[in-house]
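3D, please:
(2 chains)
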2 protein chains.
Amino acid sequence: MKFILSGLLITALSFSLNAQQKGDSLFIKSIYNNALTESPAYENLRTLCKDIGARITGSAEAEMAIYWGKQLLESYDFDTVYLQEITVPHWERGTQEAAWVINEKGTLKKVDVIALGGSVGTNGVLEGEVIGVSGIDELEKIGRAKIEGKIVFVNKPFDQTQISTFKAYGACSNQRWGGAKEASKYGAKAVVIRSLAQSNDDHPHTGSMDYKMENKIPAAALSTNAANTLLDWLKEGKVTLKLEMDCRFYKDEVSYNVIAETYGKDDQVITFGGHLDSWDVGEGAHDDGAGIIHSIEALRILKQLNYRPKHKLRCVLFMNEENGNFGGKAYAKWCSDNKEKHICALESDRGGFQPLGYDVVGTDEQLKFVQSFKPLLEDYRLYNFEKGYGGVDIGPLMNYYPDILQLGLNPVSQRYFDFHHAETDVFENVNKRELELGGASLATMVYLMDKYLIP
Amino acid sequence: MKFILSGLLITALSFSLNAQQKGDSLFIKSIYNNALTESPAYENLRTLCKDIGARITGSAEAEMAIYWGKQLLESYDFDTVYLQEITVPHWERGTQEAAWVINEKGTLKKVDVIALGGSVGTNGVLEGEVIGVSGIDELEKIGRAKIEGKIVFVNKPFDQTQISTFKAYGACSNQRWGGAKEASKYGAKAVVIRSLAQSNDDHPHTGSMDYKMENKIPAAALSTNAANTLLDWLKEGKVTLKLEMDCRFYKDEVSYNVIAETYGKDDQVITFGGHLDSWDVGEGAHDDGAGIIHSIEALRILKQLNYRPKHKLRCVLFMNEENGNFGGKAYAKWCSDNKEKHICALESDRGGFQPLGYDVVGTDEQLKFVQSFKPLLEDYRLYNFEKGYGGVDIGPLMNYYPDILQLGLNPVSQRYFDFHHAETDVFENVNKRELELGGASLATMVYLMDKYLIP
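A predicted model of the protein is given here:
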C-alpha cells in the first residue's frame, strides 16, 4: 500500500515473507554481523573518552574532538568529509567548586555540588539561609518577602514509577532549566537544585539552564545524597549554605560540526548524528560519545557492505548540543539556505545501552510506515516504535522541513541517569556489545529509510 | 475462546480494552509501583551478597544463605515457610590455584585460571605439553597417540553474532561440560578450556561438568585473555603448561530448599523460584541472587497488595542448581510423591537485568495463551514471548507433570556472561531499578497465570 503524505510518498510494505523481505533480512543480518565482529566502535569510543575526555564547547578538548572526528571519518574514505563553521559559547567551570551546609547547632557538613552550565561564579564564598521548595512553581506562592536574600533549594526527585527514565527526567527537568530564572525573580541570591538523577548517590549532575535574565544568580546542583541531607536538616530547623564557584563565561569561539557523506542517486538528504561536545565532567561516554560512534558506524558499515544509497547519507557530529544547540540550529539553517531537500533525520543521544526501538516524530502514517518494518527488526530486540522525541540536534530541521520524518534511537534507559552529565559518564560504563548493537540498529534504520522512504 | 489442552483448560482472553483488562492493567501498575518505590529488593540482595557472598553447596555460606532466606521469608508473614531436606555434594576449591605457560624459548607467563566445579586436584604441580583444539569434537580425529600424556586446551569462543548471548553460551558450553570426559578418553592428563565468557578480559569463569568417568583428570578454565595468549603461543611452537590446584570433594552434606507459600482457594500449585546456591567466586549477585530476590519479591508484592490467589503460590529458593541440581530434582519428586497438582512453574536464573519477556515451554496453545497478555505487558518493556527454556531448577517437574506450563524470565543478556560464574558477579554490577523491574515482572506473570490459567 502507499500513503500520500504531505508531499512525501511513502511505500509501506506488506511484510509477508516475500523475496524483498528475505533480501532485507539477509542484509540486516550482515549489518549486525559486521557490527558484532569487525567493528572498531568500542576502540573508537575508548579514544574519544581517554585521549580526549570531557569536551565542552570552546575547550581545547572540543577542538581535539573535532580533529579526531574529521581524521576518523577521513580514514573511512567516504565521498566527502568537511567541517561546518559555527559560533559557540565558551563557559568554564574554573578551579573552585565547593559547598557546605551548617545547621542551627553549628554542625557543618561538606556537600557534593557542581555548577550548572553557564552559571556565574560566587565571587568568593557566598552564604545564605536556605529556603527549600519541592518545585519551582511553589516560589510564586511563597513570595518575595520570604525568598529575598536567601538561597533557594529546589528538590523535586525523579518519579521512580516511570518505566522510561526519560519521562521521569522530563517531569522534573524544569528545576534545572528554570530554577535560577524563577528564584532570581523573587530576589534569591543563589539557587541549588537536586541533581536530575535516578539513584541516591554522591555524584552531582550538571546541565543547561535558561539564563536569559537581568540579575544572574549562581546556580548549582547537589548530589541526590546531599539533597536528601539538606532536606532532612531543613525539617529540623534553619540551615545556612556556603557556596564557592569561580565559573564564568569567556568570549564566543569559532567551532565546527563535522560532516561526512556517502552520495546517493539523488541529492535528497538523510541526516543522522549525535553530538560531539559533552559536559565538562566525566568523559561524555554515554552522552553522547555513544551517539557519535553509532552515527559513524552507520555510515561505515553501509559503506563496508557496499551499499549504494538512493539518497545522500549524511553523518553529522554536531557541536554544542549541551549548552546552546548552536550546531543543530546552524546546520538546519544551512540546509535550508542551500535549498536542500531533507526526507529523514535520525539521532542517537540516549546512551550506549541495548537499543529497544525508535521514537518516531511524524504523522500517524509515518508511524505506521516505520512500524511496518517490525517483523524485520524484532530478532534484533527492536520492539518499540511509538511517537516520541527525535533529538535536540535534529530538532531545528523541523523549522524548515515540517514534513520530515524524525527518529530517535531508544535504548534501555534504566541506568542512563546514573551517568548523565556527571563524573560517572566514563568509558568503563559502556558495554562493548551494547554499543555495537546501537551502531547496527542505526545502520539498519538508515538503510530501511533510504531504501523505502520515497520522496 | 478456550483451548482444551492435555487435561488443562486454558482461557485465552480476547484483549480489547474491556473492564477485565482495565482491572488487570491497574493491578499490574500497582505491582510495578510497589516494586519501584517500596521494595526492599536491592537491600535484600546487598545482604545476600555482602553478608553471605559466594555460597556453593556444602559451604558454611550456603548454610547461612538458607538461614537468611528462611528468616527473610518468615518476616513477610506468608501462610507457611519451611525447609525441604536434600542431600548435596560438597566440593571445595582449596587454597592453591595457579597456572603458567612456557614456550620453546623458555618465556614464562602466569595465566588466570580457575578449577572447574568438581575437578580433582593436581597433587602438586602438574606439567604437560599443550595440545590445542577448537572444539571437543576434534579430539576423535586427532586420536590417542597425539593426545596421550598431554594437556588438552579447548578454545571455542562465543559466536558474537548471536544477539542472545545465551545462544552463544549454549553453542560452546560442551567444552566445559564434556571437555574433561572427552579428553580423558584419549589419555590426556588434564584439560583447560576457554572460559565461557563474552568479553576478552582477565576473569576466568568456573562451572559444572560431566565428570562421570573412570579416570578423572584435572579440569580448569582460562580467562579469555589467557586463552588468546595460549592460542597465539601455540601458533609459534610447543607450549608447556604447569597447573596447580588442590580442590577436592568431601562427603555429601545435608542441605535444604527454602520454601514459602501463600494459600489459594485450591491446592493446585504454581511454583516460582531461583537458586540460592552460587559458585564459590564473586557473590552470586546475578547468578542467581537476582532470581532469588525476584522470587521473594513476587510473593511479597502480591501479599502486600492483598491479592487473594486462586491457587497455591509457592516460592522456592532451590539449593544446588550449580553442581548437581539435587534441589530441583528432589523438589519435583517430592511434589509427585505428595500427589500435588502443578499447573505452572516459573524461574528467574538469567540475571538481574531489565526483563524483556519470558521464554515459554509448552504447546503452541500454551504459547498463544501467554502471548495473549502482551497488550498488558508492553508498557513494562515485556515484548518477547517465544518458545525457549524455562530453567534448570524447574526442569525436573516436566518428568512428573508433562503438561505443565513453564516460563523462564528473559532479561537483556548482553552483559550476563561478563559476570556468570566469575569473581565479577558482585552486587555492584546489579542495577537497583533493573532488579526491581525483574521482581515486578515475575509478580505480574505469577498473577496472570494464577488468575487465568484454569486447571
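
beta partners for A:Leu453?
A:Ile10 (DSSP bridges).

Quick check: it touching A:Val370?
No: counting by C-beta atoms under 8 Å, A:Leu453 does not reach A:Val370; the two are 9.4 Å apart. Where C-beta positions appear, they are placed from N, C-alpha and C, glycine not excepted.

any common contacting residues for the two?
A:Leu405 (C-beta atoms under 8 Å, 6 or more residues apart in numbering or on different chains).

Please say which of these two ends up with more neighbours.
Remark: of A:Leu453 and A:Val370, A:Val370 carries more neighbours, 27 against 21, as counted by other C-beta atoms under 10 Å in any protein chain shown.

what's near enough to touch that one?
A:Tyr358, A:Val360, A:Gly362, A:Phe385, A:Leu405, A:Leu407.

again, 10 Å this time
A:10, A:12, A:357-360, A:362, A:377, A:385-387, A:405, A:407, A:445, A:448-449, A:452-453 (C-beta atoms under 10 Å, 6 or more residues apart in numbering or on different chains).

And whatever helix or strand it lives in, what's buried?
Under the criterion DSSP states H and E, the helix or strand holding A:Val370 is helix A:364-371. For helix A:364-371, the neighbour count (16 or more other C-beta atoms under 10 Å in any protein chain shown) marks A:Glu365, A:Gln366, A:Leu367, A:Lys368, A:Phe369, A:Val370, A:Gln371 as buried.

Name the nearest of those relative to chain B.
Using C-beta to the nearest C-beta, A:Gln371 comes nearest to chain B of the buried residues of helix A:364-371, at 12.9 Å.

Hmm, the closest one is touching A:Val360, no?
Yes: taking contacts as C-beta atoms under 10 Å, A:Gln371 lies within contact range of A:Val360: 8.2 Å.

and for the two, which residues touch both?
A:Phe385, A:Glu386.

So which of the buried residues of helix A:364-371 is the closest to A:Ser295?
A:Val370 (18.8 Å; C-beta to C-beta).

Contact partners for A:Glu63?
A:Ile52, A:Arg55, A:Glu253, A:Val254, A:Ser255, A:Tyr256.

of those, list those near chain B.
Restricting the contacts of A:Glu63 to those touching chain B (C-beta under 10 Å from any C-beta of the partner chain) yields no residues.

Pull the number of nearby residues for whichever residue of the stretch 201-350 of chain A sits closest to chain B.
Of all residues in the stretch 201-350 of chain A, A:Asp201 sits closest to chain B, at 10.4 Å by C-beta to the nearest C-beta. A:Asp201 sits with 16 neighbouring residues when counted by other C-beta under 10 Å.

and what of A:Val430?
There are 25 residues near A:Val430, going by other C-beta under 10 Å.

Grab the nearest non-local neighbour of it.
Leaving aside its chain neighbours, A:Val430 sits nearest to A:Gly352 (4.4 Å; criterion: C-beta to C-beta, 6 or more residues apart in numbering or on different chains).

Quick check: the one you found is in a helix.
No: counting by DSSP: H, G, I helix; E, B strand; the rest coil, A:Gly352 is not part of a helix but coil.

residues in contact with the residue lying closest to A:Gly143 once chain neighbours are set aside?
Nearest non-adjacent residue to A:Gly143, counting by C-beta to C-beta, 6+ apart: A:Tyr186, 7.0 Å away. By C-beta under 10 Å, 6+ apart, A:Tyr186 lies in contact with A:Ile131, A:Leu139, A:Glu140, A:Ile142, A:Gly143, A:Arg144, A:Ala145, A:Lys146, A:Ile147, A:Glu148, A:Lys150, A:Val152.

Just the ones of the residues you listed in strands?
Among the contacts of A:Tyr186, the residues falling in strands (DSSP state E) are A:Ile131, A:Val152.

By neighbours, which of the contacts of A:Tyr186 wins?
A:Val152 (29 neighbours).

beta partners for that one?
Here A:Val152, judged by DSSP bridges, has bridge partners A:Ile131, A:Val191.

Select the longest strand from chain A.
From DSSP E, the single longest strand across chain A is strand A:248-262.

Show me what the mean pLDDT comes to for it.
Averaged across strand A:248-262, the pLDDT comes to 97.

contacting residues for whatever residue of the stretch 301-450 of chain A ends up closest to chain B?
When scored by C-beta to the nearest C-beta, the stretch 301-450 of chain A has A:Tyr383 as its residue closest to chain B, at 3.9 Å. When contacts are counted by C-beta under 10 Å, 6+ apart, A:Tyr383 touches A:355-357, A:374, A:377, A:410, B:356-357, B:378, B:381-384.

who's in contact with the closest residue in space to A:Asp450 that isn't next to it in sequence?
Leaving aside its chain neighbours, A:Asp450 sits nearest to A:Pro309 (4.9 Å; criterion: C-beta to C-beta, 6+ apart). Applying C-beta under 10 Å, 6+ apart to A:Pro309 gives the contacts A:261-266, A:270, A:299, A:302-303, A:446-447, A:450-451.

if you set the cut-off to 8 Å instead, what comes out?
A:Thr262, A:Tyr263, A:Gly264, A:Lys265, A:Ile270, A:Leu302, A:Asp450.

doesn't A:Asp450 make contact with the fourth one?
This points to A:Lys265. No: A:Lys265 is beyond contact range of A:Asp450, at 10.1 Å (criterion: C-beta under 8 Å).

In terms of helices and strands, where is the closest residue in space to A:Tyr307 that isn't next to it in sequence?
Excluding its sequence neighbours, the residue lying closest to A:Tyr307 (C-beta to C-beta, 6+ apart) is A:Tyr447, at 6.6 Å. If you go by DSSP H and E, A:Tyr447 is part of helix A:432-452.

who's in contact with the host helix or strand of A:Asn33?
Using DSSP H and E, the element containing A:Asn33 is helix A:19-37. Contact with helix A:19-37 is made by A:13, A:15, A:41, A:297, A:301-302, A:304-305, A:307, A:375-377, A:380, A:433, A:436-437, A:439-440, A:443-444, A:447-448, A:451, B:160-161, B:163, as judged by C-beta under 8 Å, 6+ apart.

Alpha carbons of that helix, as PDB, please.
The C-alpha coordinates for helix A:19-37 follow below in PDB (Å, rounded to 0.1, in the frame of the first residue of the first chain):
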ATOM      1  CA  ALA A  19      11.700 -12.100  -1.800                       C
ATOM      2  CA  GLN A  20      12.200  -8.500  -0.900                       C
ATOM      3  CA  GLN A  21      11.900  -9.200   2.800                       C
ATOM      4  CA  LYS A  22      14.300 -12.000   2.500                       C
ATOM      5  CA  GLY A  23      16.800  -9.800   0.800                       C
ATOM      6  CA  ASP A  24      16.400  -7.100   3.500                       C
ATOM      7  CA  SER A  25      16.600  -9.700   6.200                       C
ATOM      8  CA  LEU A  26      19.900 -11.000   4.900                       C
ATOM      9  CA  PHE A  27      21.300  -7.500   4.500                       C
ATOM     10  CA  ILE A  28      20.300  -6.500   8.100                       C
ATOM     11  CA  LYS A  29      21.900  -9.700   9.300                       C
ATOM     12  CA  SER A  30      25.100  -8.700   7.500                       C
ATOM     13  CA  ILE A  31      24.900  -5.300   9.200                       C
ATOM     14  CA  TYR A  32      24.700  -6.900  12.600                       C
ATOM     15  CA  ASN A  33      27.400  -9.400  11.900                       C
ATOM     16  CA  ASN A  34      29.700  -6.600  10.800                       C
ATOM     17  CA  ALA A  35      29.000  -4.600  13.900                       C
ATOM     18  CA  LEU A  36      29.400  -7.500  16.300                       C
ATOM     19  CA  THR A  37      32.600  -9.000  14.800                       C
END
